[in-house]
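S.K.: Pasting the sequence and the predicted coordinates here, then a few questions.
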Amino acid sequence: TQLLEQSPQFLSIQEGENLTVYCNSSSVFSSLQWYRQEPGEGPVLLVTVVTGGEVKKLKRLTFQFGDARKDSSLHITAAQPGDTGLYLCAGAPSDDYKLSFGAGTTVTVRA
Amino acid sequence: DTAVSQTPKYLVTQMGNDKSIKCEQNLGHDTMYWYKQDSKKFLKIMFSYNNKELIINETVPNRFSPKSPDKAHLNLHINSLELGDSAVYFCASSPTSGRRNEQFFGPGTRLTVL
């Protein structure tokens, strides 16, 4: 059983459509991170959410941290082909260095 | 400027061989990590060093031995390679306090064991 469950596993949409990726857990996190990984490269940090209920925006990407700090979502508005990639949520439920990753959501945006 | 670099990018070798992967970071971070990403893209931590001290050692076969000569370098040596070791190995680094979950990853080393 994974600590962080991501859904959906795969998402294929047309350019201009919106999409949402979910990251859920039964554990409470002091913070959650979202990373994006492109083929042949390492994950790149997009955002950290810290406060329950927090909403952060990064251009067309909106990240939300659940009120209870157990879940998070990533919403992309008007997706573009450049948004294609593997989106990973990550967090450490205790104050240590052991970061757990979700299994990832592969997003494909078709032109 | 490359923040976290790994060598080699690709490694193809025969079962039973011994190989090493090197990692260097120029971000001034105190903590470095090794992760393994399997064919399903699941990323799992293997080891972590903080200021040259081993602080995370997950359930990894003892054929894998990390070594940190200084806080900017973390190497991974693998003995007696097996088919199941084939994966992409990522090095990462992070600050020690506060934002340690904000990790910077290298480009990965794709290991193929034949």
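M.R.: Happy to help now that I have it.
S.K.: What's the local residue count around the residue of chain A found nearest chain B?
M.R.: Relative to chain B, the nearest point of chain A is A:Gly42 (3.1 Å; C-beta to the nearest C-beta). To be clear about C-beta, it is placed using only N, CA and C from the backbone, and glycine gets the same treatment. Other residues within reach of A:Gly42, judged by other C-beta atoms under 10 Å in any protein chain shown, total 22.
S.K.: show me what contacts it?
M.R.: Each residue near A:Gly42 by C-beta atoms under 8 Å, 6 or more residues apart in numbering or on different chains is listed here: B:Val4, B:Phe90, B:Ala92, B:Phe105, B:Gly106, B:Pro107, B:Gly108.
S.K.: what about B:Trp34, how many residues close to it?
M.R.: Counted with other C-beta under 10 Å, B:Trp34 comes out at 24.
S.K.: For it, name its beta-bridge partners.
M.R.: Beta bridges link B:Trp34 to B:Phe47, B:Cys91 when assigned by DSSP bridges.
S.K.: Show the model's pLDDT score for it.
M.R.: Here the pLDDT value assigned to B:Trp34 is 96.
S.K.: which parts of chain B sit against chain A?
M.R.: Contact residues (C-beta under 8 Å from any C-beta of the partner chain) of chain B with chain A: B:4, B:31, B:33, B:40-45, B:48, B:50, B:55-56, B:90, B:92, B:94, B:99-108.
S.K.: Narrow those residues to those that are buried.
M.R.: Neighbour-count burial within the residues of chain B next to chain A applies to B:4, B:31, B:33, B:41, B:43, B:45, B:48, B:50, B:56, B:90, B:92, B:94, B:100-108; the criterion is 16 or more other C-beta atoms under 10 Å in any protein chain shown.
S.K.: Do I have it right that A:Ala78 meets A:Asn18?
M.R.: Yes: under the criterion of C-beta atoms under 8 Å, A:Ala78 makes contact with A:Asn18 at 6.9 Å.
S.K.: Tell me which helix or strand comes right after the helix-or-strand element of chain A with minimal mean pLDDT.
M.R.: The weakest-scoring helix or strand in chain A, judged by mean pLDDT, DSSP states H and E, is strand A:100-101 (a mean of 92). Toward the C-terminal end, the helix or strand that comes next after strand A:100-101 (DSSP states H and E) is strand A:105-110.
S.K.: Nothing else from me, thank you.
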